[in-house]
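Student: with the input below, show me the fold.
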Amino acid sequence: MDFFLVGVLLWLLIVAYCLLFTWGLIKSNWKILLLSGIIILVPAMIFSTADGLVKLLFVLPLIAFSLSYYFYKRTKRE
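Tutor: Coordinates of the predicted model:
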């Protein structure tokens with residue numbers, strides 16, 4: 001039962017990341033993108049220990065953090 005709950009938690013975090021990431025891109029809000037990057041960190045670290053192309057999942061938080069930084073700098077200039 002413990003592995004089932006961990007799996008459900010990981011999938012909930014991934015779904016929350018997808019929703020927040022798309023909402024952050026639509027709204028161009030750096031805070032939402034930062035939150036989505038923080039949310040996907042734990043699943044990315046867990047899945048990066050696997051073999052194969054699943055290690056590329058660790059790129060997702062980097063994308064979210066870099067877009068968050070870009071939107072932060074863009075709003076700071078205005």
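Student: per-residue confidence averaged over the longest helix along the chain?
Tutor: Counting by DSSP state H, the longest helix found in the chain is helix 2-27. On average, the pLDDT along helix 2-27 is 94.
Student: chain center to that helix: distance?
Tutor: 8 Å (C-alpha atoms, centre = their mean, to the nearest Å).
Student: and the angle from the helix or strand just after that helix to helix 2-27?
Tutor: Moving toward the C-terminus from helix 2-27, the first helix or strand encountered (DSSP states H and E) is helix 30-47. With axes from the mean of the first three to the mean of the last three C-alpha atoms, to 10 degrees as the basis, helix 30-47 and helix 2-27 are set at 150 degrees to each other.
Student: what's next to helix 30-47, contact-wise?
Tutor: Applying C-beta atoms under 8 Å, 6 or more residues apart in numbering, the contact partners of helix 30-47 are 10, 13-14, 16-17, 20-21, 23-25, 54-55, 57-58, 60-61, 64-65, 67-72, 75. C-beta: built from backbone N, CA, C; applies to glycine.
Student: contacts only, for L67.
Tutor: So L67 contacts 24-25, 30, 33 (C-beta under 8 Å, 6+ apart).
Student: what about burial for these, which qualify?
Tutor: Among the contacts of L67, the ones that count as buried by 16 or more other C-beta atoms under 10 Å are 24, 30, 33.
Student: what's the spacing between the second one and S66?
Tutor: The reference is to W30. 11 Å (C-beta to C-beta, to the nearest Å).
Student: over to the first one?
Tutor: Going from G24 to S66 by C-beta to C-beta gives 12 Å.
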